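**Student:** Got a sequence here, can you model it:
(4 chains)
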Protein chains: 2
Amino acid sequence: MPSPQKKDPCAPITVPVAAPDRRPVEGPEADEELALLAKAVGHPARVQILRLLVRREACICGDIVDELPLAQSTVSQHLKVLKQAGLVRGDIDGPRVCYCIEPRALRRLKALIGSL
Amino acid sequence: MPSPQKKDPCAPITVPVAAPDRRPVEGPEADEELALLAKAVGHPARVQILRLLVRREACICGDIVDELPLAQSTVSQHLKVLKQAGLVRGDIDGPRVCYCIEPRALRRLKALIGSL
DNA sequence: AGCTCGTATCGCCGTTCCACGATGAACGGG
DNA sequence: CCCGTTCATCGTGGAACGGCGATACGAGCT
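**Tutor:** Got it, this is the predicted structure:
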């Protein structure tokens, strides 16, 4: 194989600088979006997961399970919720999956909350 | 009666300047608090109500019911949720109730979200 | 006192959430 | 090729959510 060192599955895609989100922060669509994001954050376990992922600025994998007092399946479900809300990304790295926060979505959430 | 003009039931209490919240934005308690607040915001109707209350910087009452496509009882329940989360205050004004946002709680939410 | 208006609460329903164990699918190593 | 590791998904049970109409409450008016 050509690359002896594992390539980082969480390397940023193509967004070196933060392109400011052009979408509006008000109106029915924004309300719906804010509700969706807030709902995803609206559970202590999910908050903990998000905190974990931002603290380890890079991405980690199912070590999350070890950090939380929950079963593996439960953690997986919470990750799914966060992924569906767009707050988290899961990149496949061989047999394991590497999760990292989606900075764009997080910024979007902050913008929406800030508009209140 | 001594006062010919109705006194504003939503007049600010005693907090002219914004005393910055001294509580931490991280740790288990903060996680729980953020989850609670986010959960309250995690519904489109509740977002709309919050928007209404911040737009009319002053407080309004059950006009909220007229603004939303929901039954009165449903709106009342959403208001209850927001009140229990501390995001909204309801002051009794004679036969009707005057709701207004609780700026401290809103600032707190922004601080907690900002800490992510 | 009785009435009315504006809210809150109750009871009911169907849906969704949350937790778990068990099972399944994908990948890498021996 | 089989096997262990890692994660996702399924199925289930209990709890909470979200909607509504019906009903109760409380303050003011006549």
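
**Student:** which residues sit in contact with the most centrally placed residue in chain A?
**Tutor:** Central residue of chain A (CA atoms, centre = their mean): A:V88, 1.9 Å from the mean position. By CB atoms under 8 Å, 6 or more residues apart in numbering or on different chains, A:V88 lies in contact with A:49-50, A:53, A:79, A:82, A:99-102. (Each C-beta comes from the backbone N, C-alpha and C, glycine too.)

**Student:** So what sits opposite it in the bridge?
**Tutor:** A:I101 (DSSP bridges).

**Student:** Need the three-state assignment for the residue lying closest to A:G42 once chain neighbours are set aside.
**Tutor:** Distances taken as CB to CB, 6 or more residues apart in numbering or on different chains put B:K39 closest to A:G42, at 3.1 Å, once the chain neighbours are dropped. Classification of B:K39 using DSSP: H, G, I helix; E, B strand; the rest coil returns helix.

**Student:** I'd say B:K39 and A:R46 touch.
**Tutor:** No - between B:K39 and A:R46 there is no contact under CB atoms under 8 Å: 10.1 Å.

**Student:** the more surrounded of the two?
**Tutor:** More neighbours surround A:R46 than the other of B:K39 and A:R46, with 23 against 18 (other CB atoms under 10 Å in any protein chain shown).

**Student:** tell me which element the residue lying closest to A:L37 once chain neighbours are set aside is part of?
**Tutor:** Nearest residue to A:L37 in three dimensions, chain neighbours excluded: A:L109, at 4.7 Å (CB to CB, 6+ apart). Taking DSSP states H and E as the criterion, A:L109 maps to helix A:103-114.

**Student:** Now that helix: average pLDDT?
**Tutor:** Across helix A:103-114, pLDDT averages out at 97.

**Student:** same check, this time on stretch A:37-55
**Tutor:** Averaged across stretch A:37-55, pLDDT comes to 97.

**Student:** So is it next to DNA strand C?
**Tutor:** Yes - applying CB under 7 Å from any atom of the strand, one finds stretch A:37-55 touching DNA strand C at A:39, A:42-43, A:45.

**Student:** and the gap between the closest residue to DNA strand D within chain A and A:C98?
**Tutor:** DNA strand D sits closest to A:G62 of chain A, with a gap of 2.3 Å, by CB to the nearest atom of the strand. Distance, A:G62 to A:C98, using CB to CB, to the nearest Å: 9 Å.

**Student:** out of these two, which sits in the busier spot?
**Tutor:** Set A:G62 next to A:C98 and count neighbours by other CB under 10 Å: A:C98 wins out with 18 against 15.

**Student:** Roughly how far does that one sit from DNA strand C?
**Tutor:** 13 Å (CB to the nearest atom of the strand, to the nearest Å).
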